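S.K.: with the sequence up front, the predicted model follows.
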Amino acid sequence: MKTNLVYFAWVRERIGKPEEEIELPDSVVTVSDLLNHLKSLGEEYENALQFPDVIRVAINQEHVEHDESIVGAREIGIFPPMTGG
Amino acid sequence: MKTNLVYFAWVRERIGKPEEEIELPDSVVTVSDLLNHLKSLGEEYENALQFPDVIRVAINQEHVEHDESIVGAREIGIFPPMTGG
Amino acid sequence: MPSVTTVPIIRVQSTDFDLQSEIDALTAGRKNIGAVVTFSGLCRDEQGALSALELEHYPGMAEAEMRRIGEIAIERFLLLGLTAIHRHGKILPGENIVLVIATASHRQAAFDGANFMMDFLKTSAPFWKKEHAADGTAGDWIAAKDADDAARDKWR
Amino acid sequence: MPSVTTVPIIRVQSTDFDLQSEIDALTAGRKNIGAVVTFSGLCRDEQGALSALELEHYPGMAEAEMRRIGEIAIERFLLLGLTAIHRHGKILPGENIVLVIATASHRQAAFDGANFMMDFLKTSAPFWKKEHAADGTAGDWIAAKDADDAARDKWR
């Protein structure tokens, strides 16, 4: 299954694109799995995601913890801590 | 010495005038003395000041406690608790 | 660090005020303000029971008390600006009674400054409210609330 | 008791907003509102070091998060009205970034509602600020502050 990934702020800048559609291996079940998988895709991903503790993730535009399942997600947002307001 | 007394809200309504200049006997030294003295001046004063605990007093437009001296006061304001805002 | 001491803008007036003009007076041309908090207190109709409020004040002392509280708020919360305007006279439901504006570098100082100003204004500034009932009967003076004293005491 | 459920007014836009119009939209024709608190967040120039902020957001999710927080604020503080508007794009020093308005019967609810909305908006709504330095050098993304998490956690 293909999943749409969207990136924001310095995660977007470091990965070098605002979004992409990727095919995830079946072994990728949780948010943590996804972040580890992405880090294996290249230096730019490694650079963006080297400190997973500060990375925030949203599934279908709702915040989720890193132990949450991504199975069935249409859209996964990956971004740094928010600094609006 | 003559002192100017100014009344507000229901204290003013019960006493029946917004202000007056009165001569105070030498025995009237504190705010408490003043309130007791006024109560002796007639039923309207007795009615206005029957519960001295709720009466607020300002000397020269600054809040004072009931044990404060009124000696030398130009203007003494007497009123209920404030309800502005 | 401000080059001049911040002085509160204090007014007691029978006429209404214009919120945007008052904000502009505090913020125009300044680029160090990060937060503006405004509080407007309005006359409620109490489910139709009230036709108006009559606001009485102690002229001179009302302004002096508001200024004294405002100076404390500026110093305590490092406000960049503070405005407090209180109306007197007859005020209809839906109309403004009081306005407080606090500006600061950061949001919590602006919130606290405006909130502090209102809590002390309510309990210390010499204003009194009398109700005019909708049915034409003589209204009562509004009683001071213990809750207002408690709100003030949270700043100790 | 309101006859209809209060729904927050939420907008994310690149253009500026007009504070007075937004207040009027919440208060016009209503006589049960006793308190209106507004918070405006402005872009500071950081003693001249900053030429602009660039606000990035997650379209769709930004509005959804603001709406979710707004609904919690309305229920928790029994607000009569709540508006939250957040700008995106390039914002110059002195310009508005965000507006929150809370209306209620009484003052503390309005203060708390606006303050709560801002604390959660800052930590949960997907917006990110990038600085443009006045000297033309590439700016940094602003780092999230522990103080903002602490401010949010005071509402627990």
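M.R.: On my side now, so go ahead. Numbering: from 1, shown residues only, chains lettered A, B, ... in the order given.
S.K.: which stretches in the chain count as strands?
M.R.: Just going to use chain A. Listed in chain order, the strands of chain A (DSSP state E) span residues A:2-7, A:19-23, A:56-59, A:62-64, A:75-79.
S.K.: please go with chain C instead
M.R.: Taking DSSP E as the criterion, chain C carries its strands at C:9-13, C:35-42, C:50-57, C:81-87, C:89-91, C:96-104, C:127-133.
S.K.: related to what we said a few turns ago, closest one to chain B among the strands of chain A?
M.R.: The stretch from these with the least distance to chain B (Cβ to the nearest Cβ) is strand A:62-64; that distance is 39.3 Å. For every residue, glycine as well, the C-beta is placed using N, CA and C.
S.K.: gap between that closest one and the chain center?
M.R.: Here the centre of strand A:62-64 is set off from its chain's centre by 12 Å, with Cα atoms, centre = their mean, to the nearest Å.
S.K.: stretch C:11-18 now?
M.R.: In terms of Cα atoms, centre = their mean, the centre of stretch C:11-18 is found 11 Å from the chain centre.
S.K.: now the strands of chain A in JSON lines, with mean neighbour count, mean pLDDT and distance to chain B?
M.R.: Rendered in JSON lines, the data for those read as follows (neighbours: other Cβ atoms under 10 Å in any protein chain shown; pLDDT from 0 to 100; distance: least, Cβ to the nearest Cβ, whole Å):
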{"stretch": "strand A:2-7", "mean neighbour count": "18", "mean pLDDT": "96", "distance to chain B": "48"}
{"stretch": "strand A:19-23", "mean neighbour count": "11", "mean pLDDT": "97", "distance to chain B": "52"}
{"stretch": "strand A:56-59", "mean neighbour count": "21", "mean pLDDT": "98", "distance to chain B": "42"}
{"stretch": "strand A:62-64", "mean neighbour count": "16", "mean pLDDT": "98", "distance to chain B": "39"}
{"stretch": "strand A:75-79", "mean neighbour count": "21", "mean pLDDT": "98", "distance to chain B": "43"}
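S.K.: mind checking which of the strands of chain C is nearest chain D?
M.R.: In terms of Cβ to the nearest Cβ, the element of the strands of chain C nearest to chain D is strand C:35-42, at 4.3 Å.
S.K.: which other helices and strands does that closest one contact?
M.R.: Using 3 or more Cβ pairs under 8 Å, 6 or more residues apart in numbering or on different chains; DSSP states H and E as the contact definition, the elements that strand C:35-42 packs against are helix C:19-27, strand C:96-104, helix C:107-124, strand D:35-42, helix D:107-124.
S.K.: could you dump those to CSV with mean pLDDT and mean neighbour count?
M.R.: What follows is those, written out as CSV (pLDDT from 0 to 100; neighbours: other Cβ atoms under 10 Å in any protein chain shown):
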stretch, mean pLDDT, mean neighbour count
helix C:19-27, 97, 16
strand C:96-104, 98, 25
helix C:107-124, 97, 24
strand D:35-42, 98, 25
helix D:107-124, 97, 24
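S.K.: what's the closest of the ones you listed to B:His63?
M.R.: helix C:107-124 (6.9 Å; Cβ to Cβ).
S.K.: got the residues of chain C near chain D?
M.R.: Taking Cβ under 8 Å from any Cβ of the partner chain as the measure of proximity, chain C contacts chain D at C:19-20, C:23, C:27, C:29-45, C:47, C:93-94, C:105, C:107-108, C:110-111, C:114-115, C:118, C:151.
S.K.: give me the neighbour count for the one residue in chain A that gets nearest to chain C.
M.R.: Each residue of chain A has a distance to chain C, by Cβ to the nearest Cβ, and the smallest belongs to A:Gly85, at 7.6 Å. By the other Cβ atoms under 10 Å in any protein chain shown criterion, the neighbourhood of A:Gly85 contains 24 residues.
S.K.: how far away is it from chain B?
M.R.: 28 Å (Cβ to the nearest Cβ, to the nearest Å).
S.K.: could you give the bridge partners of C:Lys90?
M.R.: When bridges are assigned using DSSP bridges, the partners listed for C:Lys90 are C:Glu54.
S.K.: what's the pLDDT at it?
M.R.: C:Lys90 is assigned a predicted lDDT (pLDDT) of 97.
S.K.: kindly report the same for the one 4 residues further on.
M.R.: The score at C:Gly94 is 96. That number is its pLDDT.
S.K.: now do the contacts for it.
M.R.: C:Leu42, C:Cys43, C:Asp45, D:Thr27, D:Gly29, D:Arg30, D:Lys31, D:Ile33 (Cβ atoms under 8 Å, 6 or more residues apart in numbering or on different chains).
S.K.: then C:Arg87?
M.R.: Listed by Cβ under 8 Å, 6+ apart, the contact set of C:Arg87 reads C:Val12, C:Gln13, C:Ser14, C:Thr15, C:Asp16, C:Phe17, C:Leu55, C:Asn96, C:Ile97, C:Val98.
S.K.: of those, list those near chain B.
M.R.: Counting by Cβ under 8 Å from any Cβ, C:Leu55, C:Ile97, C:Val98 from the contacts of C:Arg87 sit close to chain B.
S.K.: circling back to that earlier point, nearest to D:Ile85, of the strands of chain C?
M.R.: Closest to D:Ile85 of the strands of chain C is strand C:35-42 (Cβ to Cβ; 14.0 Å).
S.K.: can you give me the angle that closest one makes with strand D:96-104?
M.R.: If you take axes from the mean of the first three to the mean of the last three Cα atoms, to 10 degrees, strand C:35-42 sits at 30 degrees to strand D:96-104.
S.K.: alongside chain C, which residues does chain A contribute?
M.R.: A:Gly85.
S.K.: up against chain D, what does chain A have?
M.R.: For chain A, the residues in contact with chain D (Cβ under 8 Å from any Cβ) are A:6, A:8-10, A:58, A:61-63, A:77, A:79-85.
S.K.: 10 Å - rerun?
M.R.: Selection of chain A residues close to chain D by Cβ under 10 Å from any Cβ of the partner chain yields A:6-13, A:18, A:54, A:56, A:58, A:60-63, A:75, A:77, A:79-85.
S.K.: picking up where we left off before, ok, so of the ones next to chain B among the contacts of C:Arg87, who is nearest C:Ile69?
M.R.: Of all the ones next to chain B among the contacts of C:Arg87, the one with the least separation from C:Ile69 (Cβ to Cβ) is C:Val98, at 12.5 Å.
S.K.: enumerate every residue touching the closest residue in space to the closest one that isn't next to it in sequence.
M.R.: Once flanking residues are discounted, C:Val98 sits nearest to C:Gly41: 4.1 Å by Cβ to Cβ, 6 or more residues apart in numbering or on different chains. The neighbourhood of C:Gly41, defined by Cβ atoms under 10 Å, 6 or more residues apart in numbering or on different chains, consists of B:84-85, C:86-87, C:96-100, C:118, C:121-122, D:33-36, D:106-107, D:110.
S.K.: do the same with C:Ala144
M.R.: Taking Cβ under 10 Å, 6+ apart as the definition of contact, the neighbours of C:Ala144 are B:Val54, B:Arg56, B:Pro80, B:Pro81, B:Met82, B:Thr83, C:Lys122, C:Thr123, C:Trp128.
S.K.: I'd like these laid out as a markdown table, including distance to chain A.
M.R.: Compiled in a markdown table, the contacts of C:Ala144 are given as follows (distance: Cβ to the nearest Cβ, whole Å):
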| residue | distance to chain A |
| --- | --- |
| B:Val54 | 44 |
| B:Arg56 | 42 |
| B:Pro80 | 43 |
| B:Pro81 | 39 |
| B:Met82 | 36 |
| B:Thr83 | 36 |
| C:Lys122 | 29 |
| C:Thr123 | 32 |
| C:Trp128 | 39 |
